[in-house]
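Student: Predicted model follows, preceded by the sequence.
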There are 6 protein chains.
Amino acid sequence: MKRLLITGGAGAIGRVMRKRLSGLADAIRLADIVTLTPEHDLEECIQCDLADAAAVNAMVADCDGILHLGGISVERPFDEILHANIIGMYNLYEAARAHGHPRILFASSNHTVGFYPQTQRLGADEPLRPDGLYGVSKGYGELLARMYFDKFGQETASVRIGSCTKEPVDYRMLSSWLSYEDFATLTERVFTVPVLGCPVIWGVSSNPASWWDNSNAAWLGWQPRDSAENWRETIEAEGIPSANDPLVTRQGGRFTELPIITNKPPV
Amino acid sequence: MKRLLITGGAGAIGRVMRKRLSGLADAIRLADIVTLTPEHDLEECIQCDLADAAAVNAMVADCDGILHLGGISVERPFDEILHANIIGMYNLYEAARAHGHPRILFASSNHTVGFYPQTQRLGADEPLRPDGLYGVSKGYGELLARMYFDKFGQETASVRIGSCTKEPVDYRMLSSWLSYEDFATLTERVFTVPVLGCPVIWGVSSNPASWWDNSNAAWLGWQPRDSAENWRETIEAEGIPSANDPLVTRQGGRFTELPIITNKPPV
Amino acid sequence: MKRLLITGGAGAIGRVMRKRLSGLADAIRLADIVTLTPEHDLEECIQCDLADAAAVNAMVADCDGILHLGGISVERPFDEILHANIIGMYNLYEAARAHGHPRILFASSNHTVGFYPQTQRLGADEPLRPDGLYGVSKGYGELLARMYFDKFGQETASVRIGSCTKEPVDYRMLSSWLSYEDFATLTERVFTVPVLGCPVIWGVSSNPASWWDNSNAAWLGWQPRDSAENWRETIEAEGIPSANDPLVTRQGGRFTELPIITNKPPV
Amino acid sequence: MKRLLITGGAGAIGRVMRKRLSGLADAIRLADIVTLTPEHDLEECIQCDLADAAAVNAMVADCDGILHLGGISVERPFDEILHANIIGMYNLYEAARAHGHPRILFASSNHTVGFYPQTQRLGADEPLRPDGLYGVSKGYGELLARMYFDKFGQETASVRIGSCTKEPVDYRMLSSWLSYEDFATLTERVFTVPVLGCPVIWGVSSNPASWWDNSNAAWLGWQPRDSAENWRETIEAEGIPSANDPLVTRQGGRFTELPIITNKPPV
Amino acid sequence: MKRLLITGGAGAIGRVMRKRLSGLADAIRLADIVTLTPEHDLEECIQCDLADAAAVNAMVADCDGILHLGGISVERPFDEILHANIIGMYNLYEAARAHGHPRILFASSNHTVGFYPQTQRLGADEPLRPDGLYGVSKGYGELLARMYFDKFGQETASVRIGSCTKEPVDYRMLSSWLSYEDFATLTERVFTVPVLGCPVIWGVSSNPASWWDNSNAAWLGWQPRDSAENWRETIEAEGIPSANDPLVTRQGGRFTELPIITNKPPV
Amino acid sequence: MKRLLITGGAGAIGRVMRKRLSGLADAIRLADIVTLTPEHDLEECIQCDLADAAAVNAMVADCDGILHLGGISVERPFDEILHANIIGMYNLYEAARAHGHPRILFASSNHTVGFYPQTQRLGADEPLRPDGLYGVSKGYGELLARMYFDKFGQETASVRIGSCTKEPVDYRMLSSWLSYEDFATLTERVFTVPVLGCPVIWGVSSNPASWWDNSNAAWLGWQPRDSAENWRETIEAEGIPSANDPLVTRQGGRFTELPIITNKPPV
């Protein structure tokens, strides 16, 4: 690629991918709602509010690949999710349409299916069961991506990220963990494969206890290498959650028990 | 029911249901963004913008059933869909949460799956393939409904309406037509059955040429009685569409070929 | 057939089938644990405890068809179910093995799947979810029948009877009702078809609100004619059960909430 | 249509369709390996050996629809099947390719799946289990049709005809019978529907005891009206076949027990 | 766990697990119908007939986990299976109900599905096809466990053990072998995972030639490490069974050809 | 085996297997349409045209296993495919029937499913979508094999070979490559396993990017060891095909775009 745009470049995953993916394109454009500073000559930094259509249009111009990590990534009041994830996603896809349909990796989330029990194995085609407004917004994003694919041929990989952290730190992550390295190799595959289409892919490392079945995306040739199992002893030593803790009952963990967060006093 | 709220009461379907369902509740509350006038003592009329949370909250108060026909029902610019269908849907479910979770029939749409070919039969669990921003907004509505069900027990029937008109008037409606009477009996079943859950139901009459399989909702006991086949001769006499007309290729018909409608000059 | 054995001949269904099926064989042998009296020359009556192997062997001799309605048909203490349904079933199949494998219609029950929600449609291959000791014993009976088929070629139709009564009398029966007439025509098909094998068949009339899908047994050519829907108005007029009543939540209805019945003081 | 070609016009089905379908096109061209005589002005008759590529090419010229009934329709020596069904089918599709891809209804056969037991219900997607060289040749025909569709867009309906006769005359036909009238209405739908694609359709009337599930072709809107069940009493009166008669064990009936027919002394 | 009960402690598997699992609980209670002697301070030994309800009740008291290996594990006369496996299983679950629902690993068996051919791969949801009275009794046990789960929340892992021996010793075990070590690690996972539910799990090592698919239980995180393939050369050197030997045709092997064993002269 | 026949012994795969499989039987009989010379005492060489029934009969005599690599293996004019693959296959199976049904490994091809997109994972039961006359002929071969199995018990493994070459040399082979060594071990398993039946098996190495799922044939115990992934860097360095190159869109690669090859001037 000539120029890879990474949105959400100031976030935890963005900061890692910025370094890890520097060889994937001739230039990396980092964007975030906060200000970023280039760390070397191949980086460009843009401050951009996803809800600002003109700014998003400028951000996307001249890019031939987009790693879309930007937006809200936790449960928040509807207004925040609306602006960043719903309006922002529309702005992004309109900008991509205006600029030649650069391929997109959309960071979707396990919270699109968070209400499924952890004792159920899921492929990528089961009906969504989002666990909050955040999960709903990510499901909306997958639908929008699919529509732009069917209507305009815009390619997107919707990657339902499990728990993308340095290492697994709680019992649920023994199943849901995605290592930075595995996410990086997945990203490389997504931007290298000649035909992508519009698949839904589980963003999860090679954890034996995973709930998610990626066999329908096997053709991509991605092989996650890390396993949360290496942390099992450490995590179990800190205590095993009780049987009614959503951390071990539902795939979305504690998100399933969060209320609708409002900024206003309740009606 | 004591009071059934019908949103979109001024629309084509709303005007029919207003009369047809008058026996379903002690009172019918009609709401629309345009002004309505009661036609008899059992009717109440409210002017309400779905994007206005406080107005929606007032609209929902004291109702124990909601037939949610309101919002945009065709392809329109994103801003219009955003306000009526995305923000409006959130406002409606928040109001329902504040007022004891009255059961909801959500008028979803076949445009959530419009890109499927007409030669493919669909159950209710296949991944969505919306055919425009409108279809995406209806898919979002289904996800929101499912989340409020899983999190709060809010019951909703998401009815993917085919073509709800007085009679079928084009070739595609030989498959997609839903008669007013069949929609009315479906509505009655939805509000009568003791346990509803959160099913997705195809809103389609008993057309032999239908693409949609409602067997997973058979437990509801709904039996559509009308058939578009009675109009086949008339419709075919007007000419059979050519083989590449989206009217006969895609389940969403001509919506699949509509552009993204914008109010602004293209970028 | 030369001689059809009807076990449980003194029970409610037995009394009906005795009359209704008199043309199906040259002779009808009625058996029950209570004493029965022949009503005409073609009937023979035998008193038989199913737990008594020798008595069962004598009962089966010279029959070329068995309608096995006998045994306990409600939730009861384990000892009763053990003797009639578990030991009795073994005795019956051993007797059938000794006497040339007369074809058997085994009256299984919807209580083999009673814990499934009423909002789920079932084929005949889903894993069992029995709702009590009675349901477990009927599931055991299906397994025993299948083993005798695989090992010895013994043909059995395991008919999971819904609610076989004169007419539907509660809300659940709008889905689960099996009319006497439909059961009789099913019995006729089972004993007439040249090849039966060992199918599981839902014993349910043509109720639109049924939860059960018999399409895998369509080859049998059985066409139920009655419909519980004709009683809907009457039944709904008596009041619709509340949403947490097992009568409307679980396919097994109130059996799902019965305790384990013991004759002894609890431990 | 301007001109419908009916191959095998001298055969039993061809003779019926010739009359029944005369309104479907401005002209009917009848072809057969034996000589035919036109019965009225709208008919043309051609003598044609399907194995003769040039003759087939001439036969197809100027037709915009082909009802391909021609070829061998019973188990015969390989050479005969090879010439009529294998080489002939290739010749037909090459001719269709040369003449603008007229839509084709290919008379395939239940003998493509003849080894399935009659107690198994089949959709159209199960792997084939042909019951002889004839069944293999029809399966080959379906594959050829599919390849010409994928490669050139040639539309074909592969209709797996059950038993197309005036009325059902044996026990197996209670399941497999296709009435002439139902085949005619199916043919009309196949040539009328704007988009056909390349579906496999079970050619069977509305027999309750059918083994075949046409729901994936429901979009076609074909509704068979006849039922073999009306002949059950008559047929059963002639005696029910024994349980090991292939007439009642295998879907292909007695074809499954035919040997490979050779013209030569066995090796 | 404080105290793990191992029933069948004197059997082949029990003797191995007794040593291997000593670290899994503060105390191990061993029970069997024969007398056992503690080997160290952490062991308790109880003589118990499973058909004796009071004895079973005492055996279960104060345990918070049960590895239920007890009962008959081969084909035997009905009376023996009845007492140990059918009455005994009921007694065990009633005792568990009386004592706070300790989690149970129920040693079910591949003989619940023994009549499936070895060329068919099975998930855990296929209908059972038991290969004898023993297999039927294990299927009954799975149903009983499921009922106690649905009704009372009693958690059970029904582990369908293949061939649990020191090493594979015949051709069939190349597919069905379960090493002691793999069974031990499975047991540890079953008693460690915070939420178990009521899954059916194939008890089989990581044999490439296995017929069984455990992917629906992958969430458990169990990873069998041993493989029967290491013994292939040795076993094949002793001769490969002929093609009609049940050892290589049916999953249940030679059990499928055993007669019903009776203590009495045949009828 | 006493004598293994390898047809197509002069072809690329045949030459490799001739050496690699020399230990699989006491004698290897090599056949081809061109002349071959034995390389050692255990080899016999036969010149044979598959379209010559008598020659094929002689070729098969005294063999107890057949590795059928012979025939046309690329897209060619119909006449060539007809003689070698259609008539030749019939001759081979008739010869096998006359000579005691030696087990057959039939080299089928990925070109039976070549029109499926590379983004779709296939099991072995999906409907065929051949990509040319060659693919149709291989599908015909699978049907013929299945018929001889159902009718006569003739066992065949239909192995859909991907790209069997020394090493992968283009982008598509990263998915489709089958190493010689893996094909050899598959062949060994096919001829060693006591019961084979008539499975369809994907002939593909252990490539992470494969489109094909062999889990239904896992019971065979075959474990491919090689992986095309080791060549990814080399192949990608030569340039990644463009997104509309059939080499990366369709499973059959460039075969999907080949015309029907004729020896004659087009009509």
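Tutor: That came in fine, so what should we check first? Keep in mind it's a predicted model, so treat the numbers as computed, not measured.

Student: and stretch A:233-246, how far out from the chain's middle?
Tutor: Its chain's C-alpha centre and that of stretch A:233-246 lie 26 Å apart, by CA atoms, centre = their mean, to the nearest Å.

Student: Report the buried residues of that stretch.
Tutor: A:235, A:241, A:245, A:246 (16 or more other CB atoms under 10 Å in any protein chain shown). In short, each C-beta sits where N, CA and C put it, glycine included.

Student: For the last one, report the pLDDT, please.
Tutor: As predicted, residue A:246 sits at a pLDDT of 96.

Student: Same question for residue A:266.
Tutor: Listed pLDDT for residue A:266 reads 50.

Student: hmm, back to that, chain D: which of the buried residues of stretch A:233-246 is nearest?
Tutor: The shortest gap between chain D and any of the buried residues of stretch A:233-246 belongs to residue A:246, at 39.7 Å (CB to the nearest CB).

Student: quick one: contacts for the closest one?
Tutor: Applying CB atoms under 8 Å, 6 or more residues apart in numbering or on different chains to residue A:246 gives the contacts A:252, A:253, A:254, A:256, A:257.

Student: Which one of those residues is nearest to residue B:74?
Tutor: For those, the closest approach to residue B:74 (CB to CB) belongs to residue A:252, at 34.4 Å.

Student: Residue A:115 is in contact with that closest one, correct?
Tutor: Yes: in this structure, residue A:252 is within contact of residue A:115 by CB atoms under 8 Å, at 6.4 Å.

Student: Now the common contact residues for the two.
Tutor: residue A:131.

Student: These two - which one has more neighbours?
Tutor: Taking neighbours as other CB atoms under 10 Å in any protein chain shown, residue A:252 and residue A:115 compare with residue A:252 leading, 30 against 24.

Student: contacting residues around that one?
Tutor: A:110, A:111, A:113, A:114, A:115, A:131, A:132, A:135, A:246.

Student: Grab the nearest non-local neighbour of it.
Tutor: In space, and not counting its chain neighbours, residue A:252 is closest to residue A:114: 1.9 Å by CB to CB, 6 or more residues apart in numbering or on different chains.

Student: What of residue A:26?
Tutor: residue A:2 (5.1 Å).

Student: separation between the residue most central in space within chain A and residue A:256?
Tutor: Centre of chain A computed as the mean C-alpha position; nearest residue by CA atoms, centre = their mean is residue A:107, 2.1 Å away. The spacing between residue A:107 and residue A:256, counted by CB to CB, to the nearest Å, is 20 Å.

Student: How about residue A:138?
Tutor: Distance of residue A:138 to residue A:256, given as CB to CB: 15 Å.

Student: These two: which is more packed in?
Tutor: Shown here are residue A:138 and residue A:256; by other CB under 10 Å, residue A:138 has more neighbours (31 against 23).

Student: Quick check: pLDDT value at the more buried one.
Tutor: 98.

Student: quick one, what contacts it?
Tutor: Residue A:138 sits next to A:85, A:108, A:109, A:111, A:112, A:130, A:160 when contact means CB under 8 Å, 6+ apart.

Student: run the last query once more with 7 Å
Tutor: A:108, A:109, A:111, A:112 (CB atoms under 7 Å, 6 or more residues apart in numbering or on different chains).

Student: Counting neighbours, what do you get for residue A:77?
Tutor: Around residue A:77 there are 14 residues (other CB under 10 Å).

Student: ok but residue A:226 is inside a helix, no?
Tutor: No: counting by DSSP: H, G, I helix; E, B strand; the rest coil, residue A:226 is not found in a helix; it is coil.

Student: what about the strands in the stretch 51-200 of chain A?
Tutor: Using DSSP state E, counting those that start in this stretch, the strands of the stretch 51-200 of chain A run over A:65-68, A:103-109, A:156-161, A:163-164, A:177-178, A:200-203.

Student: What strands flank the longest one, and is each parallel or antiparallel?
Tutor: Spelled out, that is strand A:103-109. Note on strand A:103-109: by DSSP bridges, its sheet partners are strand A:65-68 (parallel), strand A:156-161 (parallel).

Student: need those strands in JSON lines with mean pLDDT and mean neighbour count, can you?
Tutor: Below are those laid out as JSON lines (pLDDT from 0 to 100; neighbours: other CB atoms under 10 Å in any protein chain shown):
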{"stretch": "strand A:65-68", "mean pLDDT": "98", "mean neighbour count": "27"}
{"stretch": "strand A:156-161", "mean pLDDT": "98", "mean neighbour count": "26"}
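
Student: Many thanks, we can stop here.
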